[in-house]
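*Asks:* make a model of this:
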Amino acid sequence: MKILAIESSCDEFSISILEDGKILSNVISSQIEQHVDFGGVVPELAARLHLENLSWVIKVALESTSIKIEEIDYVAYTEKPGLIGSLIIGKLVAETISQYIQKPLMPLHHIEGHIYGALIDNEFAYPVLAMVVSGGHTQIEVVRSANDFEVIGSTLDDAIGECYDKVARVMGLGYPGGPKIDKLAKEGNHFAFNLPIPKNDESYDFSYSGLKTAIINIIHNLKQKGEQVPIADIAASFQYAATKIIEKKLEKAIKQYNPRTLTVAGGVSANREVRRIILELGEKFNIDNTFVPKMEYCTDNGAMIAKLAYEKIKSNN
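*Replies:* Predicted coordinates:
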């Protein structure tokens, strides 16, 4: 079984080729440098750049394998959620290829793809407890099969990645903020500032707007007093508060749902502290099947969509 998969939900345009469960190619056209000056992703620019780059992405994805496009059995693409203009580009490319080779089209869910990106080079034992952390989402999902996803908690306002970017902007670190704060946090004291643990209750929901506001107020107050802003300490204190609530809510979910697999997915799954929390919780609760995705599968990529498509086809047969 050969699958061509397209991911175009935001500022990456990616195509992956998968054969019998194995990723043969995963080509990504990233636009981070083009969006840096704007402090975030500009939707219209992202869609325009997808149009400019899609030809070479398709060409390289196919040429890096021994597979011809006529040999593809399924064409998968990200249908939702994401930036509407970017999604439309991916859909049009997928529909064009599907019609050209007369093979089935599979519209798939972006977040489900992220979760199955963690499955690449690993195996799921169901049920799976997945912590989804990205620029647009923060949620906990219980996955019972490739066709059975239950969201048990999600963010009520800012997603964790969005919060990282907004805090980094106030700190003068620029975009993207997550990796920069994560790196700085290694050098700081996370007890330097007593920040509120966001949405610290018995629910599985998240809220990061209050934590973002607390950091902004600290920085503004220091500047008004003419005091030096200890960037590393602020980064460490922020990261501790932002991830501590993930640890607490995941621990509660583990006790309630008794998962056989524990994992994390989404762009923020590259975060050092988030990865540590997942692995330590797995060890604490003796969940042998605990793993984090490879760094190359953390951000948006076609391989995660290809893997999701493959697992759905398998479960339906």
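
*Asks:* can we go C-alpha only for contacts and neighbour counts from here?
*Replies:* Noted.

*Asks:* for Ala185, what are its contacts?
*Replies:* Ala232, Asp233, Ile234, Ala235, Ala236, Ser237, Gln239 (Cα atoms under 8 Å, 6 or more residues apart in numbering).

*Asks:* what is the nearest of these to Ile67?
*Replies:* Proximity of these to Ile67 was ranked by Cα to Cα; the top entry is Gln239 with 44.2 Å.

*Asks:* three-state assignment of the closest one?
*Replies:* Of the three states, Gln239 takes helix according to DSSP: H, G, I helix; E, B strand; the rest coil.

*Asks:* and stretch 24-33, what's buried?
*Replies:* By neighbour count on 16 or more other Cα atoms under 10 Å, the buried set for stretch 24-33 is Leu24, Ser25, Asn26, Val27, Ile28, Ser29, Ser30, Gln31.

*Asks:* tell me the strands beside the strand or helix carrying the second one, with direction?
*Replies:* It stands for Ser25. With elements taken from DSSP states H and E, the one containing Ser25 is strand 22-30. Paired neighbours of strand 22-30 in the sheet (DSSP bridges): strand 12-19 (antiparallel).

*Asks:* alpha carbons of the partner strand, as CSV, please.
*Replies:* Extracted in CSV, the C-alpha atoms of strand 12-19 (Å, rounded to 0.1, in the frame of the first residue of the first chain):
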residue,chain,number,x,y,z
GLU,A,12,4.6,24.5,6.3
PHE,A,13,3.8,22.7,3.0
SER,A,14,4.8,19.1,3.3
ILE,A,15,4.4,16.0,1.2
SER,A,16,5.3,12.5,2.4
ILE,A,17,5.3,9.1,0.7
LEU,A,18,4.6,6.0,2.8
GLU,A,19,4.7,2.4,1.7
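
*Asks:* and the contacts of it?
*Replies:* With contact meaning Cα under 8 Å, 6+ apart, strand 12-19 is reached by 1-8, 23-31, 50, 53-54, 57-58, 61-62, 65, 90, 300-303, 306-307.

*Asks:* and the closest residue to Met106 other than its chain neighbours, how far from Asn200?
*Replies:* Here the nearest residue to Met106 in space, its sequence neighbours aside, is Ala76; by Cα to Cα, 6 or more residues apart in numbering that works out to 4.4 Å. In this structure, Ala76 and Asn200 are separated by 39 Å, where distance is defined by Cα to Cα, to the nearest Å.

*Asks:* the more surrounded of these two?
*Replies:* For Ala76 and Asn200, the more surrounded residue by other Cα atoms under 10 Å is Ala76, and the numbers stand at 29 against 16.

*Asks:* hmm, back to that, which one of the buried residues of stretch 24-33 sits closest to Thr263?
*Replies:* Compare each of those with Thr263 using Cα to Cα and the shortest gap goes to Asn26, at 21.6 Å.
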